[in-house]
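Peer 1: predicted model follows, preceded by the sequence.
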2 protein chains.
Amino acid sequence: MVSDETDSGSDSPPLLSGDSDALSQFIENMGLYFEDYGIPRIGGRILGLLLVARRPVSPEEMSEVLQVSRSSISTNLRSLLMAGLVERVSLPGERSDYYVISEEAWERSLEMRLEGIQALREIAEEGLQGLDAGHPARQRLEEMLSWTVMVEDAYRKLLEAWQSRKEVPA
Amino acid sequence: MVSDETDSGSDSPPLLSGDSDALSQFIENMGLYFEDYGIPRIGGRILGLLLVARRPVSPEEMSEVLQVSRSSISTNLRSLLMAGLVERVSLPGERSDYYVISEEAWERSLEMRLEGIQALREIAEEGLQGLDAGHPARQRLEEMLSWTVMVEDAYRKLLEAWQSRKEVPA
DNA sequence: CAATTGTTTCTGTCAAGACTGAAACAATTG
DNA sequence: CAATTGTTTCAGTCTTGACAGAAACAATTG
């Protein structure tokens, strides 16, 4: 699925190097994985590409390497930028924009999970208000609520731990 | 979205009681929430209904209350059963099957998250093998790997904590 | 300031899959 | 064992959204 461009005279350093079959597979796997979680496959592939690229990548290059249209790249890139997973960097003397995986991508990923579980907690809380005391379903919703609280808590701690992971170098 | 059946002479206890607007909203919210996470909306609504019902619910009743076809109920119910989120119970003297939320639904939910993160860890590990030592992308994949390991670990602990939550009653 | 190059937006096409209704199937009961 | 009731499977419809290609837009450079 990864097609190397026939470098048309450009003198930019190579985008990919190493076991290119393994890297193609990696990019493809990322696409499939993210698709399972509601992110467009091409978005996942862009993330995969950015993760294994030797240097920042231009939309044009993404289009060539991943063999998809520029407009698809544009759309997906914008989602990834808005989600805070990807960042734009300007390379001196370059006209085109270049993109990299955000430093905070993994952190953002945790934050998104946290937001999801908070939404579920709110649903549980509101539902609970529709049940009178002693209702047989109250127990179930209370269990649901305590589950969301527990998970939310764990995410919060995980987030802190991840953020401070470098601060404790042996 | 929730339409109460015009009880046709049956003498079964009521399915829902309490603030029925709030309960309808709850059921609908569950549908929307799960849809965001790749579960069919009707599946989420079934879970919502089972959470707030006063007693086990038959497929027939689900169809009436949620206003969807029996075949949709059947299909979604099967997925939920296979996922271990819903269980069948037999009511004495009743011909029809009845269903409830599984005792282990929340536990299963954590297990599913755990499986997801494990898959991502494997993708990272395989990708890492395609990069020679010193490759500028190695650092990024190593960070990804350590993130997955950290999250996987947290899920494992969370799972244990949830499983043993009753064993330590003040 | 025209021309060239790069990027985004817009519209149409296509594919995936959720849902329905009907038919097939199973099983219980008189 | 026929008839009735309940459940699943199947085929078709419809909606959603990803993607491509073309046009519009922006901006840089000679």
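Peer 2: Arrived safely, thanks for sending.

Peer 1: which SS state does the residue of chain A most remote from its centre fall under?
Peer 2: Using C-alpha atoms, centre = their mean, the residue of chain A lying farthest from its centre is residue A:134. It sits 43.4 Å away. Residue A:134 falls in the coil class when you classify it by DSSP: H, G, I helix; E, B strand; the rest coil.

Peer 1: list the buried residues for the longest helix seen in chain A?
Peer 2: In chain A, with assignment by DSSP state H, the single longest helix is helix A:138-163. By neighbour count on 16 or more other C-beta atoms under 10 Å in any protein chain shown, the buried set for helix A:138-163 is A:138, A:140-141, A:143-145, A:147-148, A:150-152, A:154-155, A:158, A:162. Backbone N, C-alpha and C define where each C-beta goes, glycine included.

Peer 1: show me how far stretch A:156-164 is from its chain's centre.
Peer 2: In terms of C-alpha atoms, centre = their mean, to the nearest Å, the centre of stretch A:156-164 is found 17 Å from the chain centre.

Peer 1: can that stretch be said to contact chain B?
Peer 2: Yes. Remark: stretch A:156-164 sits within contact range of chain B at A:157, A:158, A:161, A:162, by C-beta under 8 Å from any C-beta of the partner chain.

Peer 1: out of those, who's nearest residue B:62?
Peer 2: Within the residues of stretch A:156-164 next to chain B, proximity to residue B:62 (C-beta to C-beta) peaks at residue A:158, which comes in at 36.5 Å.

Peer 1: name the nearest residue to that closest one, ignoring sequence neighbours.
Peer 2: Closest residue to residue A:158 apart from its sequence neighbours, by C-beta to C-beta, 6 or more residues apart in numbering or on different chains: residue B:154 at 4.8 Å.

Peer 1: from residue B:30, how far off is that neighbour?
Peer 2: Separation of residue B:154 from residue B:30 (C-beta to C-beta, to the nearest Å): 25 Å.

Peer 1: what's the distance between residue A:98 and residue A:105?
Peer 2: Using C-beta to C-beta, which is the criterion applied here, residue A:98 is 16 Å from residue A:105.

Peer 1: within range of DNA strand D, give me the residues from chain A.
Peer 2: Where proximity means C-beta under 7 Å from any atom of the strand, the interface of chain A facing DNA strand D comprises A:40-43, A:67-72, A:75-76, A:95.

Peer 1: let's have those in CSV, adding neighbour count.
Peer 2: Shown next, in CSV, are the residues of chain A next to DNA strand D (neighbours: other C-beta atoms under 10 Å in any protein chain shown):
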residue, neighbour count
A:40, 16
A:41, 17
A:42, 21
A:43, 24
A:67, 11
A:68, 17
A:69, 11
A:70, 12
A:71, 9
A:72, 16
A:75, 14
A:76, 24
A:95, 7
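
Peer 1: which two of these have the greatest separation?
Peer 2: Within these, two members stand farthest from each other by C-beta to C-beta: A:41 and A:95, at 29.4 Å.

Peer 1: so the residue of chain A found nearest DNA strand C, which state does it fall into?
Peer 2: Shortest chain A-to-DNA strand C distance, computed as C-beta to the nearest atom of the strand: residue-wise this is residue A:71, at 3.2 Å. Secondary structure for residue A:71, judged by three-state DSSP, is helix.

Peer 1: these two touch, right, residue A:85 and residue A:107?
Peer 2: No. Between residue A:85 and residue A:107 no contact is recorded; they are 10.2 Å apart, counting by C-beta atoms under 8 Å.

Peer 1: give me the more crowded residue out of those two.
Peer 2: Between residue A:85 and residue A:107, counted using other C-beta atoms under 10 Å in any protein chain shown, residue A:85 has the larger neighbour count: 21 against 15.

Peer 1: can you show me the helices along chain A?
Peer 2: Under DSSP H, chain A gives helices at A:20-36, A:41-52, A:59-66, A:70-82, A:105-128, A:138-163.

Peer 1: domain assignment for chain A?
Peer 2: For chain A, the domain assignment from automatic domain parsing gives the residue ranges A:20-101, A:105-163.

Peer 1: these two touch, right, residue A:54 and residue B:136?
Peer 2: Yes. With the criterion set as C-beta under 8 Å, residue A:54 and residue B:136 qualify as a contacting pair; they are 5.2 Å apart.

Peer 1: list the contacts for the residue nearest to residue A:111 when sequence neighbours are not counted?
Peer 2: Ranked by C-beta to C-beta, 6+ apart and with sequence neighbours excluded, the top spatial neighbour of residue A:111 is residue A:159, at 6.8 Å. With contact taken as C-beta atoms under 8 Å, 6 or more residues apart in numbering or on different chains, residue A:159 is in contact with A:107, A:110, A:111, A:114.
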